[in-house]
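**Q** here's my sequence, what's the structure:
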Amino acid sequence: MKTENYGESYLMGDEQLSPALKFEYRFLKQQVDRLQDELGRKDRPRNTEQDLFRAREELKSFVSKLRTNGVKI
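**A** Coordinates of the predicted model:
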């Protein structure tokens, strides 16, 4: 989605990403979502909390690296 801001165009979201980076970004977000859903179940595996923490850290690191490289996400 493009937005106009004082005559300049800015890309928002994941439009700036290559197909491979889009895939990885979506995968990491889906992993976090799945683990958050799993955390609410009574019959969840014991390591769900640790897996969720790791998944969040991976997503946070991925987004941080993109932002460092100038990608607005």
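**Q** can you report how many residues neighbour residue 69?
**A** 8 (other CB atoms under 10 Å). All C-beta spots, glycine's among them, are computed from the backbone N, C-alpha and C.
**Q** from residue 61, how far off is it?
**A** 13 Å (CB to CB, to the nearest Å).
**Q** what of residue 43?
**A** Counting by CB to CB, the gap from residue 43 to residue 61 is 30 Å.
**Q** tell me which of those two has more neighbours.
**A** residue 61 (11 against 5).
**Q** pLDDT of whichever helix or strand residue 35 is part of, averaged?
**A** Using DSSP states H and E, the element containing residue 35 is helix 19-39. Per-residue pLDDT values over helix 19-39 give a mean of 96.
**Q** quick check, central residue of this structure?
**A** By CA atoms, centre = their mean, the mean C-alpha position of the chain lies nearest to residue 29, the distance being 4.3 Å.
**Q** that one contacts residue 59, doesn't it?
**A** Yes: counting by CB atoms under 8 Å, residue 29 does reach residue 59; the two are 6.5 Å apart.
**Q** ok so, going back, contact partners for the residue nearest to the centre of the chain?
**A** By CB atoms under 8 Å, 6 or more residues apart in numbering, the contact set of residue 29 is residue 59.
**Q** now residue 24
**A** The contact partners of residue 24, by CB under 8 Å, 6+ apart, come to residue 62.
**Q** again, but for residue 70
**A** With CB under 8 Å, 6+ apart, residue 70 has no contacts at all.
**Q** how about a cut-off of 10 Å?
**A** Counting by CB atoms under 10 Å, 6 or more residues apart in numbering, residue 70 touches residue 16.
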